[in-house]
Structures are given as structure tokens and as C-alpha cells.
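Trainee: pasted the sequence and its predicted model underneath.
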Amino acid sequence: MTRRTEWAGETGPDDEAGRSGPARRPGRGSRKGRGTRGEQVDRIAHDGDRGDPAERARGICLRLLTGSPRTRKQLADALRKREIPDDVAEEVLTRFEEVGLIDDGAFAGAWVESRHHGRGLARRALARELRTKGVDSSLIDEAVSQLDSEQEEATARDLVARKLRSTRGLDRDKRIRRLAGMLARKGYPEGLALRVVREALEAEGEELEPDAYSGMSGDDAY
């Protein structure tokens, strides 16, 4: 995976605020005979009588999707807050899926690609984020399968290498806690995190004792 997707306001486990979702390329997922995405939006936006609940629901969804792609659950939650009847919301959301304006599978795939390359998040953290956005577990599994163990380990090593310099001058145990804790918060498995940190410190010339990783607790120890 080489392409990075830009996000509009979303951050990960190490950042407090959340972004909405991955940027969708124009026309992606469209089918023959549907026309351009702009034409699809125009048809949906003007379909229905003014003031009709279905028309209101379409307008709400289109305004949200103009900023960035959303999952079906995110849009359903927005409609519920605006007191759109459930049956109307279901009909509108299904129609949006049919014309390709909602695509949870594409959302999940782009999310994984962007968040792994942009924030260095591991599969566990990515799956957790997608679950909070209401993506189906089967789609999550398919999306995170883009990352294999080798890619995940390579990213973990890169993260440690970039952080290593800033920990110089600290005592050995504090360096271990800080580096391993950073990887843990990004979703990396304990065994992988400890191995990568140990090897990075050993390569730097740091002498480690067999019990160097004992006694970690809280966020640092995951």
C-alpha cells in the first residue's frame, strides 16, 4: 500500500479529537448507467416534496457527505438526532447505498490505509476505531487484512526509531516504558512491542537485563 488518504479532522488513540472519515475519490464505486456522482447527488437532493421527512433526510445526509464520507451508522445516528422517523431513515439510507453514496467497505479500506500510514496504527487499534463507527465486523476483518504481520512489524520499528532519539538521556527503564507504551497505545501486540523495543535499544548499545521489562504498569505497560 503506497497511497495515503487525507482526513478532515480525525485523530487516533493518541489524539483526543476524531475525524469523520476517509476522503472518497470522485466516482469511486459508481456503476454503469448511474451518471456522475454530481448527477446522483442532484437527483437525490431534488427528489421529493419540500418539507417531506424523506426530503429532509436526504438533505441532511448530502450535507454530511459533502464534507467527507460517512458510514451508514454515522448517518443513521445523525438522522435520529434530527428526529427523522426510523422507517424513512432506513429507506433513504438504503437508497444511498444503492447509488454508491454510502459504502462501508470502501470507507473501512481507505480508513485502514490512511490511518496506518499516517498515524502508524496497528490492526487492533484500526479495528477498534472502525467498530466505533458502526462498520460490520466482516468488513472490518477484510479491511485490516490489508496489513500483514511483516508490514505491522516494519511500521513498529519505524515508530520506535523515530522516538528513540527523544528518549536519550533517560534511564533505561523509563526508555523502555515510554517506547513500549507508545506502541501499545497504537494497538501493537505486547510481544511484538517488547521485541522491537529491545532490539532497538540493543542496536544502540543499551545493555538490557533479563528482567528489564518487569514492573511496567498503567498506560506505559499496557
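Mentor: All right, it came through fine. Numbering: from 1, shown residues only.

Trainee: from D141, how far out is the residue lying closest to S137 once chain neighbours are set aside?
Mentor: Nearest residue to S137 in three dimensions, chain neighbours excluded: R131, at 7.6 Å (Cβ to Cβ, 6 or more residues apart in numbering). C-beta coordinates here come from the backbone N, C-alpha and C atoms, glycine included. Look at R131 and D141: by Cβ to Cβ, to the nearest Å, they are 11 Å apart.

Trainee: one step back: am I right that the residue nearest to S137 is in contact with I140?
Mentor: Yes - with contact defined as Cβ atoms under 8 Å, R131 reaches I140; the gap is 6.6 Å.

Trainee: residues contacting stretch 188-196, please?
Mentor: With Cβ atoms under 8 Å, 6 or more residues apart in numbering as the test, stretch 188-196 has contacts from 122, 124, 152-153, 156-157, 160, 180, 183-184, 213, 222.

Trainee: buried ones in that stretch, by neighbour count?
Mentor: By 16 or more other Cβ atoms under 10 Å, the buried positions in stretch 188-196 come out as 188-189, 192-194, 196.

Trainee: which of those fall within helices?
Mentor: Counted as lying in helices by DSSP state H, out of the buried residues of stretch 188-196, are 192-194, 196.

Trainee: so, low pLDDT: which residues of this protein?
Mentor: Within the chain, the segments meeting pLDDT under 70 span 1-50, 206-222.

Trainee: the strands in it, which residues?
Mentor: Secondary structure of the chain (DSSP state E): no strands located.
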